[in-house]
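Undergrad: Sequence and predicted model, in that order:
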Amino acid sequence: MKGVLVTGKNGDLSVFVAKWLAAKHGLSVEQISLRGNDWKDFAFDKFDTVVHIAGVVPREGVKAEDFYEINYRLTEQFAKTVKKAGVHNFIYISSMAVYGRMPTLSISNGTIDGETPCLPTGDYGKSKLQAEKCLQAMESEDFHIAIIRVPSIYGKGKTEYLEQYGALAKKLHCVPKAFTGHYKSVICTENLAELIYLTAESGFSGVICPDDGKVSAFDMMRSFVNFKVSRIVGKLLEIFGHRSQRVINYYGTICYDEKLSDVFNGQYRVRTACDAIQTAIRR
């Protein structure tokens, strides 16, 4: 592999992926910021793979137009530039949000498989899907497009998603064992970085929907605190809380089908979910 370029100069995920590819696999890796116009004069011809992570995620202060300007239009402009420079592999970090699904207590409705249509409801998901479509239109024999639709990401410096489950357990003073057949798709930074490596090494083109395997709200809460597991409180939640949107958000299913996430025969899962969660919250 000639060289790998990762977009995003200071983002936690961009920095982690760049370090992982260099330290774990000995690749020549550089990072680039897409802020301003300086990137347009960059020498892209020394890279055969670009990992495009930089983008805007939902947070306070972000306007709807920001999603389309950065996640879609900037991605299109950047991809055209690197393709013209002779880059062969373009790996785009997209999102599960392109499906427009929300957690639900209906396991079948909350499970995304190969037949699930992309029907995003928010500007973030819509901008990501628009970027996917424009990239796929650019694909050619010499320009491979790999789209990774990541679920919630956690790891060093990225524990916000996990912490809500720790807060719930502390509030209830127990770990309620409820809705045990419901799962969430999440992925730790180590597994995502390894997936990016396998994707780059193989020259894969297509859509990838990864996760750490089956992870439930119960698994995440139990990793955070040493409270007693309560089947009684869990049953009360199932009986009286099944209509509560808060309970649905915590416990409802929103996950990839196992066949869909088993790309590269699961070789990208270098960390188990249990181990990765415990490591993340101890930092």
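TA: Happy to help now that I have it.
Undergrad: Which parts of the stretch 51-200 of the chain are strands?
TA: Assigned by DSSP state E, counting those that start in this stretch, the strands in the stretch 51-200 of the chain fall at 89-95, 111-112, 144-150, 152-154, 175-176, 186-188.
Undergrad: Could you dump those strands into TSV and include mean neighbour count and distance to V207?
TA: From N, CA and C alone the C-beta is placed, and that goes for glycine too. Formatted as TSV, the strands of the stretch 51-200 of the chain follow (neighbours: other CB atoms under 10 Å; distance: least, CB to CB, whole Å):
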stretch	mean neighbour count	distance to V207
strand 89-95	23	8
strand 111-112	22	11
strand 144-150	22	5
strand 152-154	20	17
strand 175-176	26	35
strand 186-188	26	15
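Undergrad: In TSV, list those along with distance to F264 and mean pLDDT.
TA: As requested, those are exported to TSV (distance: least, CB to CB, whole Å; pLDDT from 0 to 100):
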stretch	distance to F264	mean pLDDT
strand 89-95	14	98
strand 111-112	19	98
strand 144-150	12	98
strand 152-154	18	93
strand 175-176	33	92
strand 186-188	14	96
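Undergrad: Can you say which of those is nearest to N37?
TA: Comparing these against N37 with CB to CB, the closest turns out to be strand 89-95 (20.3 Å).
Undergrad: The longest helix belonging to the chain: which residues count as buried?
TA: Taking DSSP state H as the criterion, the chain has its longest helix at helix 123-138. Within helix 123-138, the residues scored as buried using 16 or more other CB atoms under 10 Å are D123, Y124, G125, K126, S127, K128, L129, Q130, A131, E132, C134, L135.
Undergrad: Select, out of the strands of the stretch 51-200 of the chain, the one closest to W20.
TA: Between the strands of the stretch 51-200 of the chain, strand 186-188 lies closest to W20; by CB to CB that is 11.5 Å.
Undergrad: Give me the sheet partners of that closest one and which way each runs.
TA: If you go by DSSP bridges, strand 186-188 pairs up with strand 152-154 (parallel).
Undergrad: how about the strands of the stretch 51-200 of the chain, which one is nearest A23?
TA: Closest of those to A23 is strand 186-188, at 16.5 Å (criterion: CB to CB).
Undergrad: hmm, back to that, as CSV, the strands of the stretch 51-200 of the chain with distance to T75 would be great.
TA: Shown next, in CSV, are the strands of the stretch 51-200 of the chain (distance: least, CB to CB, whole Å):
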stretch, distance to T75
strand 89-95, 7
strand 111-112, 23
strand 144-150, 11
strand 152-154, 19
strand 175-176, 41
strand 186-188, 21
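Undergrad: tell me, what residue is most central in the chain?
TA: With distances taken as CA atoms, centre = their mean, V150 lies nearest the centre of the chain, 2.4 Å away.
Undergrad: okay but that residue is in contact with I93, surely?
TA: Yes: using CB atoms under 8 Å, V150 is in contact with I93, at 6.1 Å.
Undergrad: Quick check: which ranges of the stretch 151-283 of the chain have low pLDDT?
TA: The model of the stretch 151-283 of the chain has pLDDT under 70 over residues 157, 283.
Undergrad: Show me the helices in it, by range?
TA: All helices of the stretch 151-283 of the chain, identified by DSSP state H, counting those that start in this stretch, fall at 160-172, 189-202, 217-224, 231-240, 245-251, 258-261, 273-282.
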